[in-house]
Each structure stands twice: as structure tokens, then as C-alpha cells.
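Student: This is a predicted model, with the sequence first.
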Protein chains: 2
Amino acid sequence: MIEPRTLKGFRDHLPAQALARERLLDIARRVYRSYGFAPIDTPALEYLEILVGKGSEETDRQLYRFRDHGGRDVGLRFDLTVPFARFAAQHVHELGLPFKRYHMAPVWRGENTQRGRYREFVQCDFDTIGTTSPVADLEMVLVVHDLFVAIGIERFTIRLNDRRVLTGILTRLGLAARGPHVLRSLDKLAKVGAESVAAELAAQGVGADAAATLLEMASLTGPPATVLAALERLVGETEIGRTGVAALRVLVERAEQGGVGGGRLAVDPSIARGLDYYTGLVLETFLDDLPTLGSVCSGGRYDDLAGLYTKQPLPGIGASLGLDRLLAGLEELGCLDARETPADVFLPYFDERHLVDYLRIAAALRAGGVAVELYPEPRKLGQQLKLAAKRGFPTALVIGSDELAAGTAQWKDLHAQTSTMIDWHGDLAVLVDAVRSGLSARH
Amino acid sequence: MIEPRTLKGFRDHLPAQALARERLLDIARRVYRSYGFAPIDTPALEYLEILVGKGSEETDRQLYRFRDHGGRDVGLRFDLTVPFARFAAQHVHELGLPFKRYHMAPVWRGENTQRGRYREFVQCDFDTIGTTSPVADLEMVLVVHDLFVAIGIERFTIRLNDRRVLTGILTRLGLAARGPHVLRSLDKLAKVGAESVAAELAAQGVGADAAATLLEMASLTGPPATVLAALERLVGETEIGRTGVAALRVLVERAEQGGVGGGRLAVDPSIARGLDYYTGLVLETFLDDLPTLGSVCSGGRYDDLAGLYTKQPLPGIGASLGLDRLLAGLEELGCLDARETPADVFLPYFDERHLVDYLRIAAALRAGGVAVELYPEPRKLGQQLKLAAKRGFPTALVIGSDELAAGTAQWKDLHAQTSTMIDWHGDLAVLVDAVRSGLSARH
């Protein structure tokens, strides 16, 4: 006997979890499509040279890599951005620009396994490439907003910053060349606190006054207008800084005109995003009720997606929904459905003589758009209903000999534990209508 | 510069192809769910011991295997059945029986690359385990039928056989012990012809009369009733053979009662399915207009899914839709849409002063369920419409300063190259209604 087990850091998805994930994927797909983003797919395996040195030292170390049958060095993708860069460089002439794509697929990282960290997880990326227009920036914010609203999350905040604001402040402080290091230190603020960051900055040779300014910047809070006014002061006369503040101001104004209200938008100068390639807007999204979960949807603007593969500049903007992190958050908030079945109706099969009737009833319901599971064996009703209740079926349609003879059915609400009689006079169309309207009344 | 390329045997999916694949996945999901099959997911990587020796020598040879960071021998799954066996053994007590699952996911095989063969492809499996009821067999046939009808394929044939029929005939011929070898020879009939198979059987020591009987069996054609009558004669008095013929007869009768008509069901004794684990019904599905494509949906009944991982017997029945093979077939038949966008409406942005209006119009259309792409830059109208036509947008909604002032819009049908005026009096609700009814009239 072989012990049935999954690899460390990997996991199975049982139906309740898989249904919740399919629901989120479906919503993300619908929202991305509603803005004209088109799906693409790329292979799970790429040439190793495509993948190494593209993320960070950490992603290189975590890469699942091996030599294939043909002696090629290959690796499993660790994100969807690097394959997209390769894809865009390879196909840009077929695709045309600007090009908007989404890609929802698993990625693999051999990380140390901590709470909620898995070595296989699904990302849902969307990007617009081939344009520097602020309309694409705005659209990213609107997509993220629509996405969380469509999922049914009321309390979330999209936190915005612009790399150019930080560059402006660093320029004013004479620290422009140290940008990446300062960025990485500031990025830890929420995790390690102001004192640690100040010590780290001092160790980098950043003067006390400059460090205080940077920490003041990263600690700004309040309504967007207040934060923007403070930033305007901090960037001084630097052109790049003023451009960044102006871009944020226009973006916030237009997003609010576009329906993003209710304090769901914040300008947060502490959002740095550790990745070097961001050059403009950066964005993170937090669930207000679970701030410690971290960002569940992050992204930003970059000047050049695929400089390693093509000379054609491909500026763009994109973000990634961390599907599995969001699912973990929704579970922690008790927002996940415990249903283990996609079907709305359970049809017990307890009288062998009437199988053909059950088949006809099930077929009619399906033709009417109702998902129905027919139990496959003529077992005792109680036993069948117990399984149906355990699986979370909302309703069961009980039809025995007596009901068939009378043209009726007992429709049981398995949650409320109530029962209604449907009088369908043996007319399947009447039965289907009754079930459909009963189900829509439940929703 | 790194050359942007995919690995040999792997490929990217550009939007038109990815949209077609998402459409099929969506249909399969809907049909599987309509019968109460629930989704599951398993990791792409498994312990090597879970995967090796479970398929055939061929799958062992083609396995992508390596040693991971923790020194574990691992492999990429080569199908969805072996992981499901491991999954079922591991979780059967949580799942309850009978259990119906679907799983749609990529699998990897380091095959020699031939026309239409890829090293990464998507399978869409559905299985019912924990029951030996013929209702589950019938349901498999109904699911396959509903699936192809929902995809929009009119001309397809589901070919059925029952392993017990063959076992009966072999028993009568005194060849019961040679079952697996005879099976594999007969399985090649369509590929290599009767003479080759006869020679192979002779080489196995099968007598000329017995070989003639087996070839007669495998060559039977005609309406199900005719083939079943001939099989009844061939199985003689063997109990297992008579059971198999009776099961096929009941199945065909019930499937026809269940709405599978139009000659879409055939009893085809040449269907053997090379895999040893099938014990009852076996099924293959062919597109009538592309018989050489091979089966696009195959499956059968097995006595024990997970005997290697658990002592609990898990009988069941299942089938797998070969998504990528079906897509190749639909492409060959010219049945695939060339659209590269999921959006129905293209909204040109050609007057910078009206960006806010465009944003409001796009938001209203999306809120009304219409997917709309707003071009991100104020470019010349002709240039924008050219891109829209290339991408296959069905319609474009052209609204310039004059139209905005008049409360009108030009709605262009980009396929028919016609234009209609919509008079919306500046009332977004009127515009959305006009676009929605226009779009549904097009479908």
C-alpha cells in the first residue's frame, strides 16, 4: 500500500473550497472581461533562462527547476508577469497595441511553509501594455474596485501611491541615487516599525533630518486631499515629484467621479512595493476587517515590461489578485459558503419502479436551467436526505409512488427544514416552473 | 537579449484560442454541475511514488520528474485519474459516498511531438465513485450527450461497449486468461486493419476460428438492436457475457428514453479501451465529420479506483473530455470564433475634453451587463476602429462632441459595416437599453 498524501506545502481542494475558488475566478473573469481584458495562457514550464534572475534572489532560490527529457534546463513559473513579458515580446506583432490581457493560473514557489503560505497558488493578473495613458491607470483602480464589490466585500481600501512622489522627495533630500535601498527599508515600516526603519536608514548613511522627512512622508494618513497637500509640500519644487502628486490628484478625482466612493480610496505614501520595475502608480488593496492579512490585490505602472526579450518598449500597468490569500481571508471572516455541491436540488431515488420518471424529471429540470442531482441507488429516503443535508443541498424534491400517482411533489427546504407541496398535475413544465420560482425566491 | 520562445511541445494561447478554450471549459463546468458533479483540485506536483507505475510504461517514460528542494522525488501529474485515486483514498471519510467530482486542469507528458500532440494539455474529467448502480453508467452517457449538444456540435456519436461482453466471448472461446493481450490487439483494429490483428492474434496462439469470431465481433455495425442481437449470439451461454449484453440493452433503451436520439448512440464492440482497469461499460465519442480525429471523450466503469492507496473498495465510472483535441477538431471544422476580445462594444476615445463622459458611459454599460472596452488614448477615430475590427469587436459606439451635444450616438456594426443612430437624449439608461437590445438582436 502507498500512503495517500500530498507534498509538503501543497494541498487538495475539496468541493466546498473548490466551489468558493471557482466562484471567485468566475467573478474575476467577468469583471476583467467587462473592461475588454482578453484571456491568454502560457505553459507552466519555461526555459530556465526565461525565469532566472527575473524576480529576486528569493524567487531564484525558490524556483522549481530541473532538466527535462531533451536535456533542456527548465523551470515552473513563479509568477505570471515574467511569462507575460516573454509572451508579449514573442507575439507583440500579432497582438497589436495597446493590448489588455488577463491570466488566471497556478504558480509555484518552493517557499518555507508558514501559516497560509503554499508552494502552489493561483494568481489572477490583468495588464494593459503599450500605452502610458493615465486612463489605463484609472481603469486599473476601477477594475480593482468593481472586483471587490462583485465579490460582495463591502469594507476594503485601495491604497495608492506614485513612485514619482518618492523620487521627488529623495531628489530634494539629495538621496536620489539611493532610491531602491531607501524604498526597501520604507517598505518594511508596517512590519518592523519606525525605529527599526530609522536605524536601517541611518546605517545606509541617510542623515537624521532626511530620515525624519521620509518617515513623516510614510506616516501620512487622512483623506486623500489632506495627504496630497502634505506630499505637495514634501516634494518641493522637484518636477518629478510635482508630476507624481498631480497624477495622484487627477486619478483620485476621476476615480471618485467613476463611482469609487465611501472612503474606499486612500493615498498612502507608505506603499512602496519592493519591486524595482515600478515607475509610476503603485497600488495595494486591503480588507478593512483583516488588516494583518496584507494586500490581496497589488500592482503598478512600469516603463518597460519586456526589455530583456525585445527592443520594443512595452510600457504598461497591471495588478494581480492573490486568489488564495483572499480565500483565506474570506474564510477567516466566515464569508465562505460551506456547500459541497453546485446543485440546487437533490432528487432522492427510493422507488425502483419509477426510475424512468426520476430521469424525466431530472432532465426537465436541467433543460430549465436547474442543476439537480439524482441519487444513483434506490435507498431509504432518510439515508439519502442525510447525505443531501451534509453536502449542503438547499432543497430536495421528494417524489414517491403516491406523489407520482397524484401528480404532486414534496419540496423540502433542507436549511429551514420545512416542506411545501407542489401540485404539478403530472405536467413537467408546471413542476419546473414551480422549482425555478421557488429557488429564485430563496436567493 | 534572451530569445523569447516556448519549450518544444508547449505553446502559448493567444486571446482567440484562449477565449474558445474558456468557452468550452465553461460549458463543461455547467453541464457537469447540472448533474451535481462538484469541483475538486489537486496539486500539479505529487510524490513520484504516487505517479509511477500507475498508467503504462509509456506514461512512466514520459513523466516529468525531478528532485525538489527538500530532496523529495516528485513528478508532474500525467492525468487526472491517478491524483483522483490518491485524493479519494485520502479524503473518502470527509467526502462521503457516493461522490461525484469533476476536475478540469492541465496535465504534462513528455511525448514525442507530433501533429496536434502537446506536452501540456487540459483534461476535463468527471467520475462517480462509491456506487455500482447502472444509473451512474446511464448518467455518464447523458452527461456526454448534453456536453456535445451544449457545445453546439450536432453530428457526434457515442460508441458504447461493455467489457463483460468481450470477457463472455473469450470465455466461450477458452481464451479468458489471454484477455488483456487480445484486448490490446483488437484495440488496434481501426488503426492497422483486420489482417494485422489476425496475424497478431495467431502469434499469441489464438486459433483461426477463435480469431475469426473475435474479428467478426469487432466488425459488427448497424443499429444498436442489430448489434446487440449478434452479440447475444456470440456470448452464448456465458453468464458474464449475457450480463454485459443485457446491461448494454437496458442502457441504450434508457438513454433513448432520456433524450439521446438521432442515431447518436452506437453499440460498437471494437471499442476496447486499452486500459486494464475497466471492467464494465466503456465509451468513446467521435465527431461524425472528423472520424480520424479519434475519440474526444472517453471513459468507462472500473471496480476499484484506489486499491493501491486504500483497502476500501471504490467502484465507479468516469470519463474525460479531451479539451485540446476537441479544440483542434473544432478549428479544423472551422467552428471556432476568430474573436480576440470578450467585449461586445468598443468605445473610441477621440475627444480629450470628454473623457469623463466616456468613463460614465462605459460604467453605465458595464453596470447593465455589457462588456465594453474604452480605448485609452485620444487617437484618430479611423486608427481606433481599425484595431477594433482587427480584434473582432462586433460593435463600436461612436460618440463625439456633436453626438454628446445632441444626446445621440452612432452605433456601428463592425461585421456588417452598417451604422445606426441611437437617440438617448443624454439619458444613460436609454443608451444602455438600446445597446442591450441591439446586442441581443444580433445573437
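Tutor: Looks like it came in fine. Given the structure is predicted, the values throughout are model-derived calculations rather than measurements. Numbering: from 1, shown residues only, chains lettered A, B, ... in the order given.

Student: Compute the number of surrounding residues for A:Ile50.
Tutor: Here the number of neighbours of A:Ile50 (other C-beta atoms under 10 Å in any protein chain shown) works out to 24. Yep, even glycine has a C-beta here, placed from its N, CA and C like the rest.

Student: So it versus chain B, what's the distance?
Tutor: Using C-beta to the nearest C-beta, to the nearest Å, A:Ile50 is found at 7 Å from chain B.

Student: Nearest spatial neighbour of that residue, chain-adjacent residues omitted?
Tutor: The shortest distance from A:Ile50 to any non-neighbouring residue, by C-beta to C-beta, 6 or more residues apart in numbering or on different chains, is to A:Arg86 (5.2 Å).

Student: Confirm that neighbour sits in a strand?
Tutor: No - A:Arg86 is assigned helix when assessed by DSSP: H, G, I helix; E, B strand; the rest coil, not a strand.

Student: near chain B, which residues of the stretch 51-200 of chain A show up?
Tutor: A:62, A:64-70, A:72, A:74, A:76, A:86-87, A:89-91, A:94-96, A:98, A:100-101, A:106, A:108, A:110, A:120, A:128, A:131, A:133, A:135-136, A:138-139, A:142, A:146 (C-beta under 8 Å from any C-beta of the partner chain).

Student: follow-up on the earlier one: isn't the residue nearest to A:Ile50 right up against A:Lys54?
Tutor: No - here A:Arg86 lies out of contact with A:Lys54, judged by C-beta atoms under 8 Å, at a distance of 9.2 Å.

Student: between these two, which one's more packed in?
Tutor: Neighbour count, other C-beta under 10 Å: between A:Arg86 and A:Lys54, A:Arg86 has more, with 28 against 20.

Student: so who does the more buried one touch?
Tutor: Counting by C-beta atoms under 8 Å, 6 or more residues apart in numbering or on different chains, A:Arg86 touches A:42, A:46, A:50, A:306, A:309, B:4-5.

Student: what does A:Gly426 give?
Tutor: Taking C-beta under 8 Å, 6+ apart, we find A:Gly426 in contact with A:404, A:407.

Student: try it again with 6 Å
Tutor: Counting by C-beta atoms under 6 Å, 6 or more residues apart in numbering or on different chains, A:Gly426 touches A:Gly407.

Student: Same check on A:Leu215?
Tutor: A:Leu215 makes contact with A:Ala194, according to C-beta under 6 Å, 6+ apart.

Student: any idea which helix or strand carries it?
Tutor: Here A:Leu215, judged by DSSP states H and E, is contained in helix A:208-218.

Student: Could you check the angle the next helix or strand after that helix makes with helix A:208-218?
Tutor: Later in the chain than helix A:208-218, the nearest helix or strand by DSSP H and E is helix A:224-235. Using axes from the mean of the first three to the mean of the last three C-alpha atoms, to 10 degrees, the inter-axis angle of helix A:224-235 relative to helix A:208-218 is 160 degrees.

Student: Now do the buried residues in helix A:224-235.
Tutor: By neighbour count on 16 or more other C-beta atoms under 10 Å in any protein chain shown, the buried set for helix A:224-235 is A:224, A:227-228, A:230-232, A:234-235.

Student: for the helix or strand just after that helix, packing partners?
Tutor: Following helix A:224-235 in sequence order, the next helix or strand is helix A:239-257 (DSSP H and E). Helix A:239-257 is packed against helix A:134-151, strand A:156-162, helix A:163-172, helix A:224-235, strand A:265-267, with contacts defined by 3 or more C-beta pairs under 6 Å, 6 or more residues apart in numbering or on different chains; DSSP states H and E.

Student: Just send those back as TSV, with mean pLDDT too.
Tutor: What follows is these, written out as TSV (pLDDT from 0 to 100):
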stretch	mean pLDDT
helix A:134-151	97
strand A:156-162	97
helix A:163-172	93
helix A:224-235	96
strand A:265-267	97
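
Student: can you tell which of the ones you listed is closest to B:Arg159?
Tutor: Nearest to B:Arg159, of all those, is helix A:134-151, at 43.2 Å by C-beta to C-beta.

Student: name the helices or strands packed onto that closest one?
Tutor: Packed next to helix A:134-151, using 3+ C-beta pairs under 6 Å, 6+ apart, are helix A:15-34, helix A:239-257, strand A:316-322.

Student: Quick check: what element follows the shortest one along the chain?
Tutor: Scanning forward in sequence from strand A:316-322 by DSSP H and E, the next helix or strand is helix A:323-332.

Student: quick check, that next one touching chain B?
Tutor: No - Helix A:323-332 does not reach chain B (C-beta under 6 Å from any C-beta of the partner chain); its nearest approach is 11.0 Å.

Student: ok, the helix or strand just after that helix: who's next to it in the sheet?
Tutor: Sequence order places strand A:345-347 as the next helix or strand after helix A:323-332, per DSSP H and E. Strand A:345-347 has the following strand partners under DSSP bridges: strand A:372-374 (parallel), strand A:395-398 (parallel).

Student: Tell me what angle the helix holding A:Leu215 forms with helix A:163-172.
Tutor: Going by the same axes, to 10 degrees, helix A:208-218 makes 160 degrees with helix A:163-172.

Student: now for chain A, which residue lies nearest the mean position of the chain?
Tutor: Nearest residue to the geometric centre of chain A (C-alpha atoms, centre = their mean): A:Leu321, 2.8 Å.

Student: Could you pull up the residues touching that one?
Tutor: Neighbours of A:Leu321 in contact, by C-beta under 6 Å, 6+ apart: A:28, A:124, A:297.

Student: Let me know the secondary structure of the second one.
Tutor: Spelled out, that is A:Cys124. strand.

Student: closest to A:Leu170 among the contacts of A:Arg86?
Tutor: Distance to A:Leu170, by C-beta to C-beta, is smallest for A:Ala306 among those, at 27.2 Å.

Student: pLDDT weak spots in chain A?
Tutor: For chain A, the stretches flagged by pLDDT under 70 are A:115-116, A:274-276.

Student: Just the buried positions in stretch A:279-292, please.
Tutor: Residues of stretch A:279-292 classed as buried: A:279-287, A:290 (neighbour count, 16+ other C-beta under 10 Å).

Student: how about that stretch as PDB, C-alpha atoms only?
Tutor: Extracted in PDB, the C-alpha atoms of stretch A:279-292 (Å, rounded to 0.1, in the frame of the first residue of the first chain):
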ATOM      1  CA  THR A 279       7.900  53.700 -12.100                       C
ATOM      2  CA  GLY A 280       4.600  55.400 -11.500                       C
ATOM      3  CA  LEU A 281       1.300  54.500  -9.800                       C
ATOM      4  CA  VAL A 282       1.500  51.700  -7.200                       C
ATOM      5  CA  LEU A 283      -1.500  50.100  -5.600                       C
ATOM      6  CA  GLU A 284      -2.300  47.700  -2.800                       C
ATOM      7  CA  THR A 285      -5.700  46.500  -1.600                       C
ATOM      8  CA  PHE A 286      -6.600  45.600   2.000                       C
ATOM      9  CA  LEU A 287      -9.700  44.200   3.600                       C
ATOM     10  CA  ASP A 288     -10.600  46.600   6.400                       C
ATOM     11  CA  ASP A 289     -11.700  43.800   8.700                       C
ATOM     12  CA  LEU A 290      -8.400  41.900   8.300                       C
ATOM     13  CA  PRO A 291      -5.600  44.500   8.000                       C
ATOM     14  CA  THR A 292      -3.000  41.900   9.000                       C
END
